[in-house]
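>>> A structural model of the following input is requested.
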Amino acid sequence: MATFSSVTQQHILKAIEEFDARGGDEFLALYGFEPTGELPIVHEGRTYDSKAILGVAHRYATGRLATSEEFSNGMAGAVAILRKRGFEVVEPEPAPAAVAAPAAKPARKRATTPRAPRTTATSTRTPTREERPPAICPTCNQVLPGTGVCDNCS
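Residues are numbered from 1 along each chain as shown. Below is the predicted model of the structure:
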């Protein structure tokens, strides 16, 4: 099981650089990754396979390639690590639901009772406190501690 705590942003950038130099298909074949196409990394307008990039970045960090079977939480684990290191990972857009619109029901009339108008506004916010300037020692012009007695002049 691979741990990715040693993988830094620089290791990921180096893996991306190698991906660009070799080309995507050669990069994936060289390191034994299958193209997934799901949850790609977006870096400088280009997309990259997130598991392959992270696996190779692990190799740069530790000397050992992390295979796709070693990701602790699958894609979710890889995505979390990449986002912690400052990379954008694209989430798939949800497919539009193919749900038929429900048939319109006839409107029923209900009896309503008149309500009294609201007279007072309620607020759950606490009022903000005004910040006071810090207390300053008149002798040495340093900020006084919480005790109000200067440590230098007392």
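
>>> in this protein, which spans are helices?
Using DSSP state H, the helices found in the chain span residues 9-22, 24-31, 50-62, 75-84.

>>> And those helices: which comes nearest Pro40?
Closest to Pro40 of the helices of the chain, according to Cβ to Cβ: helix 50-62, at 6.1 Å. No exception for glycine: its C-beta is placed from N, CA and C like everyone else's.

>>> returning to that earlier point: could you redo the helices of the chain as a markdown table and give each row mean pLDDT and distance to Pro133?
Shown next, in a markdown table, are the helices of the chain (pLDDT from 0 to 100; distance: least, Cβ to Cβ, whole Å):
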| stretch | mean pLDDT | distance to Pro133 |
| --- | --- | --- |
| helix 9-22 | 93 | 41 |
| helix 24-31 | 91 | 59 |
| helix 50-62 | 88 | 49 |
| helix 75-84 | 80 | 39 |
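
>>> Tell me which of those helices sits most buried.
Highest mean neighbour count of the helices of the chain: helix 50-62, a mean of 24 (counted as mean count of other Cβ atoms under 10 Å).

>>> With just CA atoms, put that helix into CSV.
Taking C-alpha atoms only, helix 50-62 is exported to CSV below (Å, rounded to 0.1, in the frame of the first residue of the first chain):
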residue,chain,number,x,y,z
SER,A,50,-4.8,11.5,-12.4
LYS,A,51,-3.8,8.0,-11.2
ALA,A,52,-0.9,7.7,-13.6
ILE,A,53,0.4,11.1,-12.8
LEU,A,54,0.2,10.5,-9.0
GLY,A,55,1.7,7.0,-9.4
VAL,A,56,4.7,8.4,-11.3
ALA,A,57,5.0,11.3,-8.9
HIS,A,58,5.2,8.7,-6.1
ARG,A,59,8.1,7.2,-8.0
TYR,A,60,9.9,10.5,-8.1
ALA,A,61,9.3,11.0,-4.4
THR,A,62,10.2,7.5,-3.1
